[in-house]
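Undergrad: the following block contains a protein sequence and its predicted model.
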Amino acid sequence: MKQILETFYSAFQNLDAETMVSCYHDEIIFEDPAFGKLKGEQAKNMWRMLCESQKDGDFTVYFSDVEFTDKVGKANWEAIYYFGKNKRQVHNRIHAKFEFNEGKIVKHTDEFNLYKWSRQALGIKGTFFGWTKFFKLGLNKKTGRLLSQFEGKTKKP
């Protein structure tokens with residue numbers, strides 16, 4: 001399972017979403033503080049959207065501490081990028097947990113400090129509101145809307 005995790009993160013470093021999603025089982029469940037819970041194609045499309053959004057940007061991913069068994073795994077990873085129209089630099093540190101089935105990732109949970117992220121990404125607004133449940137729910141709604149828009153424009157007629 002080490003190879004699947006190394007393939008996943010190496011592809012992320014290269015913004016290669018298709019290789020990333022090839023590591024996912026069709027019944028993937030992904031969860032993180034920004035997107036909430038996503039299943040199947042939505043989880044795969046989230047990576048496609050994120051990779052596409054960073055193609056012309058200054059984006060760096062590091063991963064380390066990869067551990068695994070036949071059934072579970074974990075890794076630490078960091079993303080450094082510029083966010084939003086104000087191009088605020090974000091350095092997000094994430095702890096990932098994985099479950100495997102049939103040689104693929106079937107569950108992927110990313111954990112990070114949403115308040116720290118919001119302060120970096122949103123400045124004063126994030127400082128005042130980033131710690132609230134209201135903020136997290138609003139962010140999940142916004143990211144869900146962005147994902148739906150992305151999926152709508154990438155569907156073939």
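TA: On my side now, so go ahead.
Undergrad: contacts for the strand or helix carrying Ser148, please.
TA: Element membership for Ser148, per DSSP states H and E: helix 133-154. With contact meaning C-beta atoms under 8 Å, 6 or more residues apart in numbering, helix 133-154 is reached by 33-36, 38, 41-42, 45-46, 48-49, 52, 114, 118, 129. Just so you know, the C-beta spots here come from the backbone N, C-alpha and C atoms, and that holds for glycine as well.
Undergrad: which two among the residues you listed are spaced furthest apart?
TA: Glu41 and Phe129 (31.3 Å; C-beta to C-beta).
Undergrad: what's the neighbour count on Phe68?
TA: A count of nearby residues for Phe68, using other C-beta atoms under 10 Å, gives 17.
Undergrad: what's the closest non-adjacent residue to it?
TA: Met1 (4.1 Å; C-beta to C-beta, 6 or more residues apart in numbering).
Undergrad: quick one: residues contacting the one you found.
TA: Phe68, Thr69, Asp70, Gly73, Phe98, Phe100, Gly103.
Undergrad: three-state assignment of Leu5?
TA: Under DSSP: H, G, I helix; E, B strand; the rest coil, the three-state class of Leu5 is helix.
Undergrad: didn't it look like it was pressed against Phe98?
TA: Yes: the criterion here is C-beta atoms under 8 Å, and Leu5 meets it with Phe98 at 6.8 Å.
Undergrad: overlap in contacts, those two.
TA: By C-beta under 8 Å, 6+ apart, Leu5 and Phe98 have these common neighbours: Phe68, Gly73, Ala75, Ile105.
Undergrad: tabulate those (CSV), appending secondary structure.
TA: As requested, these are exported to CSV (three-state DSSP):
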residue, secondary structure
Phe68, strand
Gly73, strand
Ala75, strand
Ile105, strand
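Undergrad: who's the nearest residue to Glu111 once chain neighbours are set aside bridged to?
TA: Leaving aside its chain neighbours, Glu111 sits nearest to His95 (4.8 Å; criterion: C-beta to C-beta, 6+ apart). Beta-bridge partners of His95, counted by DSSP bridges, are Asn76, Glu111.
Undergrad: what about the most centrally placed residue in the chain, which helix or strand?
TA: By C-alpha atoms, centre = their mean, the mean C-alpha position of the chain lies nearest to Trp47, the distance being 6.4 Å. Per DSSP H and E, Trp47 falls inside helix 41-54.
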